[in-house]
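>>> how would this look folded up:
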Amino acid sequence: MMFSHIQRIAILRALQLGDLLCAVPAFRALRAAFPQAHITLIGLPWANTFQQRFSHYIDEVMVFPGYPGLPEQPPDPAAFNTFMSSVKSKHYDLILQMQGNGTLVNPLVQSMGARYTAGFTPKGSVPESELFVLYPEDLHEIERHLYLLEQLGIPPAGKHLEFPLTSADRDSLRNLQLPCDDYTYICVHPGSRAAWRQWPPPYFAAMADHLADQGWKIVLTGSIEEKELTLAVKSYMRFPALDVAGELSLGGMAMLIKKSRALVSNCTGVSHIAAATATPSVIISMDGEPHRWAPLNTHLHCTTDWTRHNDFDRMLIKADELLARTESRCYHRA
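Okay, here's the model as predicted:
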């Protein structure tokens with residue numbers, strides 16, 4: 001489908017960090033196809049910081065007020081009417097539904113008054129129009145959104161992730177005055193937004209001790225809300241560790257990960273930062289969906305589906321193998 005005279009585009013993706021990072025290749029392809037268009041991300045309030053980092057792809061954020069049935073935030077009925085009036089007043093040429101399979105939000109998106117509306121529709125349903133494609137359950141999250149754009153005649157511009165770093169990010173890490181040199185430490189990030197997606201702290205601690213016993217310094221990372229979790233991991237450890245949870249901005253944490261020898265983490269937002277910064281990583285998938293979320297570069301990243309392979313000793317072997325095969329990699333990361 002070829003679009004003409006597209007000047008204003010909106011994307012509905014009111015989700016969290018990892019969700020947006022996995023959509024960056026699609027944002028990049030969209031910008032390449034429409035270099036002069038004004039592109040709006042309809043997202044959660046935090047997405048304003050995402051837009052600032054990715055302003056070369058996204059021009060502005062319109063804050064989504066929530067919607068019944070969507071779990072990311074409670075709906076705000078009063079704000080919703082104002083939001084819808086604002087969306088309609090923009091007279092978008094194209095609105096892309098990239099929130100999910102469309103079960104809940106497709107009627108909402110179609111009511112926003114765009115010239116064209118496109119996106120995913122659930123399997124087993126009749127597509128709303130030729131611009132809607134059946135939601136491909138078997139594709140990786142990165143590839144899923146590129147697939148959508150390709151069906152609309154928009155070619156991909158690479159599958160690689162990005163996380164642009166700034167001088168403020170460098171200052172955030174520098175101000176921490178970390179007592180170790182670049183690539184001499186390993187980041188251990190035990191947090192995840194949902195507790196059921198977290199590898200147990202004793203396992204993180206045992207993995208950290210295994211790596212510390214090889215001479216690596218251990219840096220525990222997380223948000224301020226995850227401080228209790230990093231303290232728990234530290235309490236189980238035999239070796240000392242630096243706990244910097246809550247002490248860095250998101251960009252500072254990304255810089256910390258970039259300068260680390262490797263990352264050990266659940267499958268969560270920071271795993272995609274590691275992919276974007278070419279940092280080797282050991283990722284534990286607790287949701288049984290590594291086919292959807294695991295980093296695509298399997299040489300640089302080792303992902304284990306813990307719901308199928310819950311063998312801790314195997315994890316230690318995998319970590320050692322990763323460090324061995326990426327030994328020279330750290331010397332080429334600027």
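>>> ok, then the element right after the one helix or strand residue 207 maps to?
Under the criterion of DSSP states H and E, residue 207 resides in helix 201-212. Using DSSP H and E, the helix or strand that follows helix 201-212 towards the C-terminus is strand 217-220.
>>> what about that following strand, distance to the chain center?
Relative to the chain's own centre, strand 217-220 is displaced by 22 Å; criterion: Cα atoms, centre = their mean, to the nearest Å.
>>> The host helix or strand of residue 95 - contacts with which helices or strands?
Secondary structure from DSSP H and E places residue 95 in strand 94-97. Judged by 3 or more Cβ pairs under 8 Å, 6 or more residues apart in numbering; DSSP states H and E, strand 94-97 is in contact with strand 8-12, helix 106-110, strand 116-121. For glycine as for every other residue, the C-beta is placed from the backbone atoms N, C-alpha and C.
>>> So for residue 294, which of these sits nearest?
strand 116-121 (20.9 Å; Cβ to Cβ).
>>> quick check: angle from the closest one to strand 8-12?
Counting by axes from the mean of the first three to the mean of the last three Cα atoms, to 10 degrees, strand 116-121 lies at 20 degrees to strand 8-12.
>>> Tell me the strands beside strand 116-121, with direction?
The sheet places strand 116-121 alongside strand 94-97 (parallel), strand 132-134 (parallel), with pairing taken from DSSP bridges.
>>> quick one: average confidence on that strand?
Model confidence over strand 116-121, given as mean pLDDT, is 95.
>>> Show me how far that strand is from its chain's centre.
22 Å.
>>> what residues does that strand touch?
3, 12, 93-102, 106, 109-110, 127-129, 131-135, 148, 152 (Cβ atoms under 8 Å, 6 or more residues apart in numbering).
>>> How about residue 250, nearest residue that isn't a chain neighbour?
In this structure, residue 250 finds its nearest non-sequential neighbour in residue 49, 7.0 Å apart by Cβ to Cβ, 6 or more residues apart in numbering.
>>> Can I get the host helix or strand of the one you found as PDB, trimmed to CA atoms?
Per DSSP H and E: residue 49 is located in helix 47-53. Below are the C-alpha coordinates for helix 47-53, written out as PDB (Å, rounded to 0.1, in the frame of the first residue of the first chain):
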ATOM      1  CA  ALA A  47       7.800   8.400  27.100                       C
ATOM      2  CA  ASN A  48       8.700  12.100  27.000                       C
ATOM      3  CA  THR A  49      12.200  11.100  28.100                       C
ATOM      4  CA  PHE A  50      12.300   8.500  25.400                       C
ATOM      5  CA  GLN A  51      11.300  11.100  22.800                       C
ATOM      6  CA  GLN A  52      14.100  13.400  23.900                       C
ATOM      7  CA  ARG A  53      16.600  10.600  23.300                       C
END
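>>> just checking, what packs against it?
Using 3+ Cβ pairs under 8 Å, 6+ apart: helix 47-53 touches helix 17-33, strand 38-43, strand 60-63.
>>> by contact count, what packs against the helix or strand following the last one?
Read in the C-terminal direction, the helix or strand following strand 60-63 is helix 77-90, with elements assigned using DSSP H and E. In this structure, helix 77-90 makes packing contacts with strand 8-12, strand 60-63, judged by 3+ Cβ pairs under 8 Å, 6+ apart.
>>> re earlier: in the helix holding residue 49, what's buried?
Burial within helix 47-53, assessed by neighbour count using 16 or more other Cβ atoms under 10 Å, is assigned to 47, 50-51, 53.
>>> Give the rounded mean pLDDT of it.
97.
>>> Other residues contacting it?
14, 17, 20, 41, 43, 58-61, 63, 163-164, 166, 250-251.
>>> Equivalent analysis for stretch 203-214, please.
With Cβ under 8 Å, 6+ apart as the test, stretch 203-214 has contacts from 186, 188, 190, 218, 220, 233-241, 264, 282, 312, 315-316, 319.
>>> again with stretch 162-172
So stretch 162-172 is contacted by 21, 24, 28, 53-54, 248-249, 251-252, 254-255, 258, 272-273, 276-277 (Cβ under 8 Å, 6+ apart).
>>> What about those residues, which one has the most neighbours?
residue 273 (28 neighbours; other Cβ atoms under 10 Å).
>>> so that residue is in which element?
helix 269-276.
>>> tell me which strands and helices that helix is in contact with?
Using 3+ Cβ pairs under 8 Å, 6+ apart, helix 269-276 sits against helix 17-33, helix 250-258, strand 262-266, strand 281-285, strand 301-305.
>>> returning to what we had before: want to try CSV for the helices and strands packed on helix 77-90, with distance to residue 327 as columns?
Below are the helices and strands packed on helix 77-90 laid out as CSV (distance: least, Cβ to Cβ, whole Å):
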stretch, distance to residue 327
strand 8-12, 40
strand 60-63, 41
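>>> Okay then, goodbye and thanks.
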